[in-house]
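Student: Coordinates for the following, if possible.
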Amino acid sequence: MKNLVLLTILSALVCVSGCNSNSGATNADNFEKFDTSVYGGVNFHVETIQLETGFGYSVSINDKKVIVQKNIPAVEGNLAFKTKEDALKVGKLVAKKMIHFPGDLPSVTKEELKELKVIE
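Tutor: Numbering: from 1, shown residues only. Here you go, the predicted structure:
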């Protein structure tokens, strides 16, 4: 328990002071993936997924997929994201929540989706 509290505090401090972000691309318009490393060598990777009806995203920790999201969370129905950009924005939000609150299952609210301009 003590180690979990310490890891949570260290993760928050590292991210507040600036996570090492690298999309792996040379231009800022790449909306397909996002990588970040946090204290202790934990690597998070978010990438978009092409679906028949739109886009989704996956989140990996140290190269192991832990989340595959094929629909917009907090929205009724099985609606895919309309754009890669929207899928990646929400995937990054989920990864940030996982970094700041390790051990908790991340959730996304309709308000957060509105703030990200994913829904109206």
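
Student: list the buried ones in the lengthiest strand in the chain?
Tutor: Scanning the chain for the longest strand, with DSSP state E as the assignment, gives strand 42-51. Within strand 42-51, the residues that qualify as buried by neighbour count (16 or more other CB atoms under 10 Å) are 42, 44, 45, 46, 47, 48, 49. Where C-beta positions appear, they are placed from N, C-alpha and C, glycine not excepted.

Student: so which of those residues would you say is closest to residue 82?
Tutor: Distance to residue 82 across those (CB to CB) is lowest for residue 48, with 11.9 Å.

Student: returning to that earlier point: now the buried residues of strand 42-51 as TSV including pLDDT and distance to residue 94?
Tutor: Putting the buried residues of strand 42-51 into TSV (pLDDT from 0 to 100; distance: CB to CB, whole Å) gives the following:
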residue	pLDDT	distance to residue 94
42	88	15
44	92	10
45	94	12
46	95	8
47	96	12
48	96	13
49	96	14
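
Student: what bridges to residue 38?
Tutor: Beta-bridge pairing for residue 38 (DSSP bridges): residue 42.

Student: coming back round to it: after the longest strand of the chain, which helix or strand is next?
Tutor: Using DSSP states H and E, the next helix or strand after strand 42-51 towards the C-terminus is strand 54-61.

Student: Run the angle between that following strand and strand 42-51 for me.
Tutor: 160 degrees (axes from the mean of the first three to the mean of the last three CA atoms, to 10 degrees).
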